[in-house]
Structures are given as C-alpha cells and as structure tokens.
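In: With the input below, show me the fold.
(chains A and B)
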2 protein chains.
Amino acid sequence: MRTSIATVCLSGTLVEKLHACAEAGFDGVEIFEPDLIGSPASPEEIVALAHRLGLTLDLYQPFRDAEGVTEEEFGDVLRRARAKFRLMQRLGIDTMLVCSNVGTATIDDDEVSAAQLRRLGDEAAAHGVRLAYEALAWGRFVDDYRRAWRIVELADHPAVGVCLDSFHILSRGHDPAAIEQIPGDKIFFLQLADAPALTMDVLSWSRHHRLFPGEGAFDLATFVGHCLAAGYRGPMSLEVFNDVFRQTDVLRTAKQAKRSLTWLEDQAARLPLQHPRPDGPVRLPEVAPPVAVDFVEVKAEDTSDVDVLLRQLGFTFRGSHRSKQVRLWTQGAARVVCNEQQARDQPPTLAAVGFEVVDLATSAARARALDAPAVFRRTHARDEELPTFRAPDGTEVFLASVARDEAGWVTEFEGGEEASAAPLLTGVDHVNLAQPWHSYDEAVLFYSSVLSLESGSSQDVAAPTGLVRSQVVRSNDGAVRLALNVAPQAFTHPAGFPQHMAFSTDDALAAARAARSRGLRPLPIPANYYDDLFARFDLDPAVVEDMQELGVLYDRDGTGDFTHFYTETVGGVFLEVVQRSGSYEGYGATNASVRLAAQHARSTGA
Amino acid sequence: MRTSIATVCLSGTLVEKLHACAEAGFDGVEIFEPDLIGSPASPEEIVALAHRLGLTLDLYQPFRDAEGVTEEEFGDVLRRARAKFRLMQRLGIDTMLVCSNVGTATIDDDEVSAAQLRRLGDEAAAHGVRLAYEALAWGRFVDDYRRAWRIVELADHPAVGVCLDSFHILSRGHDPAAIEQIPGDKIFFLQLADAPALTMDVLSWSRHHRLFPGEGAFDLATFVGHCLAAGYRGPMSLEVFNDVFRQTDVLRTAKQAKRSLTWLEDQAARLPLQHPRPDGPVRLPEVAPPVAVDFVEVKAEDTSDVDVLLRQLGFTFRGSHRSKQVRLWTQGAARVVCNEQQARDQPPTLAAVGFEVVDLATSAARARALDAPAVFRRTHARDEELPTFRAPDGTEVFLASVARDEAGWVTEFEGGEEASAAPLLTGVDHVNLAQPWHSYDEAVLFYSSVLSLESGSSQDVAAPTGLVRSQVVRSNDGAVRLALNVAPQAFTHPAGFPQHMAFSTDDALAAARAARSRGLRPLPIPANYYDDLFARFDLDPAVVEDMQELGVLYDRDGTGDFTHFYTETVGGVFLEVVQRSGSYEGYGATNASVRLAAQHARSTGA
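Out: Reported below is the predicted structural model:
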C-alpha cells in the first residue's frame, strides 16, 4: 500500500518535514494547514519541492466546523471552503479532511448535516476536490464513525466520503468491524495512530499522547484489516500528535514513523482476510523471537573493575580475542564480553547485546527491511561477522545463529581457562537498558519489531532523583527479557544512567555466599529494608538474617518469589544475580527502588 | 499553625530531605516509609538528626490494606502492624496513616471495617500509637472521607481518628463542608495538596500531578477553613506526589513548599470563620496587585541592537544613568532599561521587570515573608534603592512605588531627550518570560503569591521545535500581565528561549507604518498567513493587504479583536506591539504559532 504521513507528526518547518518524509521513504504527505500557514514557501514552491522529492500531496487538513450549523453560519462555511478549495487547486491536492463540528454546531440532525455536506460537495466538485468527512472522538454531535458514514450516505454525493482515523474510533472503544459495511470507494482516506492505554479526557489523550503503530495499545492490524476488507485502496497515512515527536530530530522521527507502517502493513497482511489484498502483500521476513541472549558487551577504556566483579561472581576468564582488545568471560550460558577498543576516556557502559536467533539470514533481512541502522565493526578476515544494528538508545544489537557449531565467535578467544562444569549462574535473566526520554517509544517499536519481542509489564520506580519509567520487552517464553528504563529528565552523570545485566541462578543465597567468599562486596542494602521485609512477609528470621548478611533482596507475589542481589556500580554498569521460583514474572520493582536509593546514597555519601 | 511535609514530596535521600525541610523552615515531617526503608540511617539516627535540626516526626505513612478483610487476612494485618508500631516507637512517632483498603478488601461492610480498626486501635494504643484512617480516592470500598468518618465513629476508639487529604476529597468533587461535622480532636492529621484541573484517572492524577497549594485549581483555603472550623489543631502537612518535584533541587523545592503553606495559611486566615482561630492568625502583609509595569530591563554585553529596535518603534532615549552603564528609553508609560553592567559575553536577555505598587513597604514585606530571595544590586548612595527579588526563572523582580514623585529612579538618567508628547505606544501590555520546564509550577506560585497576581488563561502553542506551554498570570484589571512560557524540553539555544515585551497602542497599523518609516524590518510573516486570514475572517482585502505589507497579524474572538506585529529577535529578546479592541483578552495564540514558525525559519534558513 502507499504510505503517507501528516506533517504535524514531525518537528521543523514544512520544507524540513518534506525532505525528511522523502528520505524516510514515504510516498506522500498530508499537509497540516498550520504548517503551510507558518511556511515562508508558497504553495507553488511546496508543489515543486514535493515533485522533486517524489512525494505526493495526499490530503489537506483539517477543515473545521462545517456542518450542523445555521443557514447563516453555513454561508460563512461556504466562503471559507471556497478559499481553501482554491488553495488546494494551487497545491494540486484533491482531498480535504472535514472534521465533524466541535465549535459551532447547533443542529443535531443527520439530515441537516448531510444536506450541508452535499452543498459543500457541489462546491468541492466544482473545484475538482473531494471531501473526507471524519467523526472526531469529541465532535459536538457526531463522534462516532458509524454516524459519520450515515451522514455521508444521506449526503449521497460523489465528492463526499468518509475519513477513518484509528484514534477517534479505538479511543472511544467503538467496534471497527462495521467499517466493512462501508463501500471501499467511499472511504476517501485512512489515518492511523496508536496510543497508550490511558484513562483521561480523549482530547488531551489525542493531542499529546498518540503514538506510531506498534508503540501503543491499539490493535491496529485488525483495524487496517477491516479497511482492506471494505475495499479501501488509498494510502495508509499516519496522523500522530505527540509532544515528544514534535521535538525530536525530524529525519529520525520520520524513519521511526516509516518503520511503524512497515511493521503494521506486515501485521495486517498476516490476518486472515475475507477479501484478497489487491496489490500483493509486501511482507516482512517472518522470524521467531531470539531464543537467548548470546552475550552482553561492556565497553570502557579500562574494563578491569568489571573483570573483578565477574570473577567474584564465579565467571571464568575464557581468553582474549585473537585480534582485538576484547576479553570473554562465561558462566553457564552467560557470556560477557569486555571491550577496550576505541573507548578512550569512556567509563564502563553496557554497549552491546547479542541475541541467538534460529534463522540468522532471515532475522538480519527483517532488521534491514525495517530500516534498522547497520553498524559495521572492524572484523578481521578470519573472524565471524555478525549482523549488527544500532538501537535508538545507542545499544549495538548483534544477531548470531543459535545453531552455530563450535567454530562460532567464542572460539576466537584464546588463552583462557576451562569453563566451570558446575556453574552457580546459568544464563542471562534480563538486560536493563537506559533510554533517553526522547527515544523511549522509538526503542519499544525497534526492539519489538526488529527482534519480534512483545511488550511486557510497565512500571514506575521511585528513585531519589525522580521516577524511573520501566517497560519490559520480552519473548513470550521469557528466554529474552529487556527492561527499558527511562531515567528522570534531570538526571545527569558522566557515565549515564546505570545499566545492568542480571544473571539467573537456582540458588541466589548460595551464589551470594560464593561471591562473598571470592571477595565481592555487594551493594549495601539498608538494615531498615530487612526490618520491613520481616514485617511484610513473615519470613523465617534466620533466612532474613542470612539475606541481610549477604545483601540479598526478596520479593513475592501470588505466583512465586524472587531472590536477588546487586554488585556495586562500576562506571555506568552494575551486575545482578536473580533467582526466580514458582511463576514469578516480575523484576522486584519495590526492591529496585531500594537499590536506586542505595546507589544514590553511595554516590552522594548522604 | 505548625507546618509539616511528607518526605515523598522531595528528591534525595531521607537525610538530605530532613536537612532541606529544616532549612526551609518546616516544623516537622511525615516519614514516607519507602524513604526510611531505602535509607542507610537507622531509625535512631533519624531521630537524632531530626532532633538536632529541630524537626518533629509527625506521621508514619502509609499503612495499607488494613480493614475490610477476612479474619485470616486480618491476622496478618495485625502482625504487620505490630512490627510497624515497634518501629514507630523507635522513631518516636505517635501517629500512623492507615489508608482505606485498595488491594485486599473483600468485605464491603462498615461494621467489619470499624471492628477491625477498633482491634488495630487496641494494638496501637498498647504501643502508644494512634491511627489516622484516610479514604483514598480509589479505595476499593471506602473512597469518601464521610464514609471513613462513619467507620471511625463506629470504631469508637480513642486511638482511631481520621486523616483528611485535600486531594482525595477535592479530586472526587466531594463537598468538604461536612468536615465541620467531625469533632476536631478526631481529625488526627491533615494533608494538603493542590492539583491542576485534569480529566484523567484519579490514581495517575494523584501519583504524578499533585502540586503545592496555590499552584493548581483546588480551593484549598476553604478546605482548610472547614478543618479549622471543625477544631483541627494539628499541623498543616503537605503530601505532594509530583514527577518534577521528585527531580528538582531538594532545598529549592522545600522552600517552594514552605512558601505554598505560608500563602495558604494566610488565605485561610482571611476567610470568615464561625469559630475563631486558636492561635492568632499569622497573616501575610496584604497588598493589592501591582498597578503597572514600571519598566522592563534588557541586559547584554552590548544592547545596541535593542536600542535600534526601540528607536524604530518610536521610543525616546531619555539618557544614561549617572553612575552605571545603563540607558533608559521611554514611550508613553512604557520604560525600557538597557543594562550593560556585568554582562560580559551575554547576548541580550530580558533580565528584570519592575512593578509599580501602591504600598512599597508592605509589598516588600510580603515578598520577604514569602521567603522570596532578595537580590542586591550595586546602588550608589544618591540612587534610589528598589526592593528586588529573584523569581524562579531567574528574572529580577523590582518593586517601585506608584506614588513616587519626580525624584524617582527615572531622574537618575541624564543627557537624554524630551519624551514625545504624542506617543503611538502607550505602555506595556504584557511581558513574556521563558520558564525552565522544572520550575514552571514554582514560578506560577511565586508570581501569584508574591505579587498577588491571579492565574489567567493557559494554552499550548505549537512551535517547530515542540509545544510551548503558556500560562498567564495577571492582575484582575489587566494592567499587569505576565505570560509564562515553558519551552520544549529539547530546546537549546545559547541565548535561551526567546522572551519578549509587548507594548500597547491604540493603532497598530499606524504604529507599524511609523516604525517602518524609521527603518524597522518587522518579523517577516508568510504570505500564506494572509491567504488564511482572508479566508477566516472575511476582512476587507485592502486591510489585509496593508497588514501583509506591514507584517501585522490579526485575531478576533467573540469579544473583540487583536492587531499586532513583532520585531526580529535580537539575542534572546524581541519586541511586540499590540492593539486590543473591544474586550479581547487573549494573546493571539494562533498567531504566536505563526510567529514561532517564522522565528524558527529565520534561524534555520529553511
């Protein structure tokens, strides 16, 4: 399908927006009127630029308060509309978005609205223009797409159809199935927006919190499926009002937007439809989510403090890379790579995560089809080259085949020790990546679409420096879990907001004891925490004493429990060891708050 | 009244919070349990610190899910409570906040809840502790303070009373008048929070958007009045969950919090009460709002570009200050001071605003009573010294007496020209001050409490770099209007987000024409704007042509119209000339969006 985007989704001037939309690969744009009004470029210049960039101008929007008005008022509507129709002729745009009346409607009567749309349609047709009538979720009288369609049916004019906007329909909880009862050629336009599940007035929700498809809670694939089943063949167009996207780099946001449509079109194409798709579906390569975290990479000018922590946690040094200044540590299925290349003056940070995938070629092709930015690392001829992409947060995402034989990248490390036969830590439970506040939604879309992960639980965790918003993306079986954490906006630290990797164990207390015997000083947990733990859970006092002695934390919910401990932070990285029992699926959010307080107290001394 | 604050209002560790609360002048604090749990300081250390700082520990909070539960569940409640009572004994805190049950309630029966509170009260009394039962706005069964009081009445236990929280009551729209039916000595605690008028789920509203009194939309003076009338004599305590305040400097936020209580106590003391206040009211000096803007100061290493703009707008150079590198320009009642002192490398910024007040001594005393930070400028012996305070946004606020004779500060300027007898510009219409995102609410409280201004209209204005949130504070008669604008968070520019002053005129077109004749090149407004203006308002084409020629913008609402133009930006400052007709009270928000786009286009060339 053709792709389009409303200019209001993006930051910058109209000219900057058009350049970005073209570079991101959109076929066309909706011209949001205020963007044109604020532009020093004339309509003719805009047309010329769009032509040069290969963009079509698909919609002029919005035209407000057109129907349900008194006859006197309607005279003014016609006058306004004529001026806009002439403008649209200059722009060569043939479709205008007409919103249901919010401000001036006084007549709640379908016949009146239909008659006025019909007269507006005559005027439009005389200018070679057609009208796409849309029910705003907060329309004075018309706030349901089914009523908008009834009015369009009554208007019965070739130049009058409907515009369907997923936000206005799904935010109100209206069933989109009735879209299939609208003839496809009367759906003049299709606007798509996702949104988080919020309980707030729909106008504020719409104006500030819309998201690109795949970033929110709406089932847009089904929505698009209904439109396709109805026979809609126009562009899929994004209309996303979002306070963050209005501020972020215009090209980067345009690319994010395009990725969301690529993902959505693929999702919709996989639905079982009654009507075949007209143009062959452009499907993305289908891949299963990664089956495991292959490795986590810590990067720094000097990673030796991390080496010490790994040794204390029982990791085995498996050798140095034969051609690069990189060292490998493993324990069970957990692998940590310490990279000192091109890291002058850098404190330790969590720089890369490798994922084991079933079909490497297809996973890499999917990432490329979603325009994931490729990363190229210096690779020596004999070394295995892993497809690598950069996530919005800067993390490098490596893909590796789970089916690799012993000749895989691990064998490039030399001079190390034998892996332990009875490791206390068995693998990577989760990886926690800090997200800049302005790329959080982009990251959710990136990880979920590129790696086929799903959004899991979301939580706010209180830190002494503000609330940390935490969103999990994970594979369905829990083998891969990423916690995306948005640091408070005012947070500043040269090493960034701390990130960490959590290793799994079957016995956290034993692991903590073993680590202690190797010299680990875990993150100190306040005695007050253990008093509270005792009050909360009625645990055996001896167990709580053990925990306190070892700096181990504990949580429980209806399904199981969670026992874990943290190392101190080194630069921007710390390590965690976690034991899950029963079906506990959380991450110890209450304890994370204690951890953040302890880390803060360590850094401020207060 | 005694003042207190919940530690959750502030950033930092518990120890940092206690220091800040004491320094800000609070009498006591509520210990928010997670702050204690996350603190490396033992309860005894906290007690010792509070004692040393002169702070009382007024409340331990919160204790959750205590009543409306099964007998088995209640056994666990008692066990948990006993542990907390022992902890409170260590802390020397005698009151615990007990929230109405959210998570575990299964029995919707006042008698059951009352019986369980009574048993909990026995246990509490045995530990020398009392329970303040509070209806959370989202309590499972108990979500109304009147029901909480009914249950407490039924419990009929000396150690069981209610806690009243303004947010939980006013957010639900519950009438606070019934508070007067609760005996004052059964109101064990009073928590105060303001909030903006939002339509969203009450839990999110409460957790993220509470404000300090005077910063939001609640009528807290009346609320407090009811509590006083009931005979409440405990502390007024703040409990404000706010995403921004959790991040901001702990001492600054504590001082802001204290200012809000000082203001609120004064507001409440002015209410006509049926019962006399027990301790004599500690009233703030009462002042009328400023009657005019006395002057606006532009500061820069070199203000000459601003001098040029002022000359072009028809201002008269009135001389240089006899002892400082400062120049004065006036036109009508508008005065602009150009200050080149201590401004090395600074681009022009809007640094200070002077206000004419009726009673200078009292206005200054009020500012000091509200702990407005004083600013001291180098003042020569012969020069008039104006009381000056620093607003949260950094603006210096000068106070001057409206009744000053001709010997006022204006006469300190020498060597200038005679003021024009027939000025086209007559005064200052409004001043527009940029606000950092993290001090916006603090600024609203500062300007409204210190200057006795009122909050006016609020609006989001779209800029190419993001949404600009704009809040007007003004005197009732409109003689003083400040627009507080929050720049998008990602905005960066060495000169800061542009600020401006708007001068009033009775004829904007004439003023623009006159300025043009003096060489002014106004901010270029796109031709597309005038096409739209013509379409929107059905204006005389000749008038629109004039406007376009002169870069003049226009707006109209049901009450009048607004005609205005802008200069180019110099550093971080630009100037506006506005003409209001009829009763137009706005600021041309639609046009502000066009202006921001034009400014952006000027700076990027796109």
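
In: okay, CA-based contacts and neighbour counts for the rest of this
Out: Fine.

In: closest point of chain A to chain B, which residue?
Out: Among the residues of chain A, residue A:200 lies closest to chain B, at 3.6 Å counting by CA to the nearest CA.

In: Quick check: residues of the stretch 101-250 of chain A near chain B?
Out: A:199, A:200, A:201, A:243, A:244, A:246, A:247, A:248 (CA under 8 Å from any CA of the partner chain).

In: next structured bit after the one helix or strand residue A:546 maps to?
Out: Counting by DSSP states H and E, the element that carries residue A:546 is helix A:541-550. Once the chain leaves helix A:541-550, the next helix or strand it forms, by DSSP H and E, is strand A:552-557.

In: Mind exporting the C-alpha coordinates of the very next helix or strand once past that following strand to CSV?
Out: The element immediately downstream of strand A:552-557 (helix or strand, assigned by DSSP H and E) is strand A:560-566. Taking C-alpha atoms only, strand A:560-566 is exported to CSV below (Å, rounded to 0.1, in the frame of the first residue of the first chain):
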residue,chain,number,x,y,z
GLY,A,560,6.2,-17.3,43.2
ASP,A,561,9.2,-15.5,44.6
PHE,A,562,12.3,-13.6,43.6
THR,A,563,15.6,-13.6,45.4
HIS,A,564,18.4,-11.4,44.2
PHE,A,565,21.5,-9.2,44.9
TYR,A,566,23.4,-6.5,43.2
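
In: now the angle from strand A:560-566 to strand A:552-557?
Out: Angle between the axes of strand A:560-566 and strand A:552-557 is 160 degrees (criterion: axes from the mean of the first three to the mean of the last three CA atoms, to 10 degrees).

In: Helix, strand, or coil at the closest residue in space to residue A:487 that isn't next to it in sequence?
Out: In space, and not counting its chain neighbours, residue A:487 is closest to residue A:468: 5.2 Å by CA to CA, 6 or more residues apart in numbering or on different chains. Look at residue A:468: counting by DSSP: H, G, I helix; E, B strand; the rest coil, its state is strand.

In: from memory residue A:468 sits against residue A:485, does it?
Out: Yes: in this structure, residue A:468 is within contact of residue A:485 by CA atoms under 8 Å, at 6.4 Å.

In: Now do the helices in the stretch 501-606 of chain A.
Out: Using DSSP state H, counting those that start in this stretch, the helices of the stretch 501-606 of chain A run over A:508-517, A:527-537, A:541-550, A:589-604.

In: Turn those helices into CSV, including distance to residue A:416, mean neighbour count and mean pLDDT.
Out: CSV is the format used below for the helices of the stretch 501-606 of chain A (distance: least, CA to CA, whole Å; neighbours: other CA atoms under 10 Å in any protein chain shown; pLDDT from 0 to 100):
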stretch, distance to residue A:416, mean neighbour count, mean pLDDT
helix A:508-517, 21, 20, 98
helix A:527-537, 40, 18, 95
helix A:541-550, 30, 16, 97
helix A:589-604, 33, 19, 91
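
In: What strands flank the helix or strand residue A:132 falls within, and is each parallel or antiparallel?
Out: Using DSSP H and E, the element containing residue A:132 is strand A:130-134. Paired neighbours of strand A:130-134 in the sheet (DSSP bridges): strand A:95-99 (parallel), strand A:160-165 (parallel).

In: What lies in contact with it?
Out: A:94-100, A:121, A:124, A:145, A:148, A:152, A:159-165, A:187-189 (CA atoms under 8 Å, 6 or more residues apart in numbering or on different chains).

In: From residue B:464, how far off is residue A:156?
Out: 40 Å (CA to CA, to the nearest Å).

In: quick one: which of the two has more around it?
Out: Applying other CA atoms under 10 Å in any protein chain shown to residue A:156 and residue B:464 shows that residue B:464 carries more neighbours, namely 27 against 16.

In: Next, count neighbours for the residue nearest to the more buried one when sequence neighbours are not counted.
Out: Leaving aside its sequence neighbours, residue B:464 sits nearest to residue A:12 (CA to CA, 6+ apart; 4.4 Å). Residues near residue A:12, counting by other CA under 10 Å, number 27.

In: Could you list the low-pLDDT ranges of chain A?
Out: Applying pLDDT under 70 to chain A picks out residues A:273-282, A:378-381, A:405-407, A:605-606.

In: how is it carved up into domains?
Out: A:3-269, A:292-604 (automatic domain parsing).

In: I'd like to know which of those domains is closest to residue B:451.
Out: Closest approach to residue B:451 among those is made by domain A:292-604 (29.1 Å; CA to CA).

In: who touches the residue nearest to residue A:487 in this structure?
Out: With contact taken as CA under 8 Å, 6+ apart, residue A:468 is in contact with A:460, A:461, A:462, A:485, A:486, A:487, A:488.

In: Out of those, which sit inside strands?
Out: If you go by DSSP state E, those have A:460, A:461, A:462, A:485, A:486 in strands.

In: filter the contacts of residue A:468 to the buried ones?
Out: For those, a burial check counting by 16 or more other CA atoms under 10 Å in any protein chain shown picks out A:461, A:462, A:485, A:486, A:487, A:488.

In: three-state assignment of residue A:302?
Out: coil.

In: Distance of it relative to residue A:346?
Out: For residue A:302, the distance to residue A:346 equals 8 Å [CA to CA].

In: Same check on residue A:146?
Out: Going from residue A:146 to residue A:346 by CA to CA gives 58 Å.

In: ok, these two, which is more surrounded?
Out: The residue with more neighbours, out of residue A:146 and residue A:346, is residue A:146; 20 against 17, by other CA under 10 Å.

In: Can you classify that one as helix, strand or coil?
Out: Secondary structure assignment for residue A:146 (three-state DSSP): helix.

In: In contact with it, which residues?
Out: For residue A:146, the contact set (CA under 8 Å, 6+ apart) comprises A:178, A:179.

In: For the closest residue to residue A:388 other than its chain neighbours, what are phi and psi?
Out: The spatially closest residue to residue A:388, leaving aside those adjacent along the chain, is residue A:398, at 4.4 Å (CA to CA, 6+ apart). Here is the backbone geometry of residue A:398 (degrees, to the nearest 10): phi -100, psi 140.

In: Bridged to residue A:398, which residues?
Out: Here residue A:398 sits in beta bridges with residue A:354, residue A:388, going by DSSP bridges.

In: and it, how many residues sit next to it?
Out: 22.

In: Touching, it and residue A:355? I think so.
Out: Yes: taking CA under 8 Å as the definition, residue A:398 is a contact partner of residue A:355 at 6.1 Å.

In: picking that back up, now the strand holding residue A:132, how far from the centre of its chain.
Out: Offset of strand A:130-134 from its chain centre (CA atoms, centre = their mean, to the nearest Å): 31 Å.

In: what do you get for stretch A:254-270?
Out: With CA atoms, centre = their mean as the basis, stretch A:254-270 stands 12 Å off its chain's centre.

In: and residue A:3, how many neighbours does it have?
Out: Using other CA under 10 Å: residue A:3 sits among 19 other residues.

In: Tell me who's in contact with it.
Out: Neighbours of residue A:3 in contact, by CA under 8 Å, 6+ apart: A:26, A:27, A:28, A:235, A:236, A:237, A:261.

In: same question, residue A:100
Out: For residue A:100, the contacting residues are A:64-67, A:133-136, A:139-143, A:148, by CA under 8 Å, 6+ apart.

In: Likewise for residue A:430?
Out: Counting by CA under 8 Å, 6+ apart, residue A:430 has contacts A:480, A:481, A:482, A:483, A:501, A:502, A:503.

In: A strand includes it, no?
Out: Yes: applying three-state DSSP, one finds residue A:430 inside a strand.

In: what's the closest non-adjacent residue to it?
Out: Here the residue nearest residue A:430, using CA to CA, 6+ apart, is residue A:481, at 4.8 Å.

In: and that neighbour, what does it touch?
Out: A:429, A:430, A:431, A:472, A:473, A:474, A:475.
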